[in-house]
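**Student:** The following comprises the amino acid sequence and a computationally predicted model.
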Amino acid sequence: MVNILRIFFISLLIFYAEVSAQSVSALASVDSSDYLVGDYINYSLELRTDKDVEIIAPFIRDSLKEVEVIKELEPSIVETEEKRAIVYHFIVSYYDSGSVTIPRIAVKYKTLDGEEQEVLSNSVTFTVHTVPVEQQAEIKDVKEPLTIPLNWKFILLIIFIVLVLIALAIYLYLRYKKKKAAVPVKKKIITIPPHVKALAALDKLESEQLWQKGKVKEYHSNITGIVRNYFEERFELPALELTTTEQMEQLKKVSAAEIILEETNQFLNNADLVKFAKFIPIASVNEEMMKQAKKIVNKTIPTKIEKVEEELQNA
Amino acid sequence: MDIAQLNEKIKNESAFIDLLFSEIGKVIVGQREMVERLVVGLLGNGHILLEGVPGLAKTLAIKTLAQSMKAKFQRIQFTPDLLPADLIGTQIYNQKEGNFLIRKGPIFSNFILADEINRAPAKVQSALLESMQERQVTIGATTFKLEEPFLVLATQNPIEQEGTYPLPEAQVDRFMLKIKITYPGRKEELEIMRHNINDTLGTPNAVISSADILKGRELIHEVYIDEKIEKYILDIVFATRTPKDFGLENLGDLISYGASPRASINLALGAKAMAFIKRRGYVIPEDVRAICYDVMRHRVAVTYEAEAEEISPESIISEILNKIEVP
């Protein structure tokens, strides 16, 4: 019996020496010893020190690996003339049943002479139980979903945003209407009529004297090119992308081109012979081609020429 | 040779074409374009794929063409159980003499009508397409040259695709032309109906010989094609490959791959044949335009997007032709 008492006394001394080494003590605790799965557990670590001891903020969260930390509360500090008590609060939870032990937490501090020391808190053990199932009780239906109460602040925010958007839309609409109502500025664009362009191009080609220089094929390609361009602008035909036969078919559909059908057919077919069949015409044929081209253009000059094109320009 | 002389020569030597058309016209009412293209294939030494719904005189046209010439004609109905040996021939053991004899298949003719080519499995199609390309057939260890002119006209039905073996793109490319046959006009159909109920369809006579065709083929090489036309052909073919370069950005997503160099070759050859048929010694852009759809439609592959939008290769070719400047 004496021996047992001796061992107990020595253990108490060792425990005391560890927990309240020198002037610092660390005491960990929870608010109960039994919980249900998922219950909130209030865990606190209380440090009692002399006022002149500097506590190095402990990393308690890292030590709480056994449990799920839900929230860390602000530590509370109580000071007297000589002592200071700091309590760190945590709300933790555990999602399994069984006995849980939060291990001892090491707290470092500096003594007056600057020496760094460490004190260990006690470990905390508690039991987590599952929800007891009532085997004999009547089976109940699933609970109805809960109705979330109206959040007036949120509804007001939505109404405010909608009003702002409506105001913005009205503002933009009025601005657009104002712009539309503004007097349009008329811009006069002088367009050169297609026949003027074509005749000028033919004159230029004539002055270049291509066939006289032996460039017969080039001459015939250019002269048909000018006439086809003229057809594009004058009759709005895609003449440059059409073959001679297709051009003739299209021209037949244009009433203004009726008077030039025969000449155009002859003109284009003669040019095709030079362009694609290595045919070398005599000088008079080359001259005749120029005359024919000019005739085709002159015969189809529109009687009423729209010289001015008005274009609306935004203010 | 001077172009005027060449023109005159072609005019004289191509006289048999009119005779041929007139004989075919005794039996085939309308379908002038199809008949013209059959002759283009014949003169261009190319093969033809005909596509059209049943009853549009595809078989009759080819049969008539063969009858109008002193040439051998064979029709092979492609079925799923057809074997390559049924086409090209096989070796048969002669019990009496104790050796193998070669029995040549129907491919040893001048005109082959491969009816519904897409109904036969790939190995039969390959055997035919190989003969078309090589113009020779190997049975056992012996290789036989096929007799000229050798023209394969394959038909396929655009409907009833179930249980068919569509020709792979690489094999379709071997056909010089793919002709799409449409229904005849009202007037033509009335004529067809009357001819048939009164049994007044004529019988074609053999008016030309194989030699005429072979001579025509030689003459086609003499038909003059200008550099401008060559450039025009290249522009069309390249527009299917890089439409962006030709201001056709909208086609970029519609073409999965463009026409192969076979398209350029066949377009030039087809245009020359068209010029010959028109009895001209030189090619004009009209010849290129006339044959363009038939040469290109099976060589331009459209994307899934284009298929979903129901955009056909023909509409893509039309857009290209409408954009590229004619020389």
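**Tutor:** Okay, I see it. Numbers count the residues shown, from 1 in each chain, chains lettered A, B, ... in the order given.
**Student:** Identify the residues contacting the residue nearest the centre of chain B.
**Tutor:** Taking C-alpha atoms, centre = their mean as the criterion, B:Ile48 is the residue nearest the geometric centre of chain B, at 2.2 Å. Neighbouring residues of B:Ile48 by C-beta atoms under 8 Å, 6 or more residues apart in numbering or on different chains: B:37-38, B:41, B:151-154, B:175-179. (C-beta placed from N, C-alpha, C; glycine too.)
**Student:** helices or strands up against the longest helix anywhere in chain B?
**Tutor:** Scanning chain B for the longest helix, with DSSP state H as the assignment, gives helix B:261-277. Applying 3 or more C-beta pairs under 8 Å, 6 or more residues apart in numbering or on different chains; DSSP states H and E, one finds that helix B:261-277 contacts helix B:32-43, helix B:210-222, helix B:227-241, helix B:285-296.
**Student:** ok, residues contacting it?
**Tutor:** By C-beta under 8 Å, 6+ apart, helix B:261-277 touches B:10, B:14, B:17, B:36, B:39-40, B:43-46, B:173-174, B:176-177, B:216, B:219-221, B:223, B:225, B:229-230, B:233-234, B:236-237, B:240, B:281-284, B:287-288, B:290-292, B:294-296, B:299.
**Student:** List the beta-bridge partners for B:Thr143.
**Tutor:** B:Thr138 (DSSP bridges).
**Student:** per-residue pLDDT, it?
**Tutor:** B:Thr143 carries a pLDDT value of 87.
**Student:** surely it meets B:Gln136?
**Tutor:** Yes. B:Thr143 is in contact with B:Gln136 according to C-beta atoms under 8 Å; the separation is 5.5 Å.
**Student:** Could you list the domains of chain A?
**Tutor:** A:21-129, A:194-308 (automatic domain parsing).
**Student:** A:Val162: which of those domains is closest?
**Tutor:** domain A:21-129 (36.9 Å; C-beta to C-beta).
**Student:** Run through the residues that contact the spatially closest residue to B:Thr142 that is not a sequence neighbour.
**Tutor:** Closest residue to B:Thr142 in three dimensions, ignoring its sequence neighbours and counting by C-beta to C-beta, 6 or more residues apart in numbering or on different chains: B:Ile102, at 6.4 Å. B:Ile102 makes contact with B:89-92, B:139-140, B:142 under the criterion C-beta under 8 Å, 6+ apart.
**Student:** Are any of those residues buried, and if so which?
**Tutor:** Buried members of the contacts of B:Ile102, counted by 16 or more other C-beta atoms under 10 Å in any protein chain shown: B:89-90, B:139.
**Student:** got the residues you listed as a markdown table, with distance to B:Pro184 and pLDDT columns?
**Tutor:** Listed next are those as a markdown table, based on distance: C-beta to C-beta, whole Å; pLDDT from 0 to 100:
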| residue | distance to B:Pro184 | pLDDT |
| --- | --- | --- |
| B:Gly89 | 38 | 88 |
| B:Thr90 | 41 | 87 |
| B:Ile139 | 42 | 85 |
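**Student:** Wait, a helix at the residue nearest to B:Thr142?
**Tutor:** No. Counting by DSSP: H, G, I helix; E, B strand; the rest coil, B:Ile102 is located in no helix; its state is strand.
**Student:** I'd like to know how far it sits from B:Val172.
**Tutor:** 31 Å (C-beta to C-beta, to the nearest Å).
**Student:** what helix or strand is A:Ile86 on?
**Tutor:** strand A:83-93 (DSSP states H and E).
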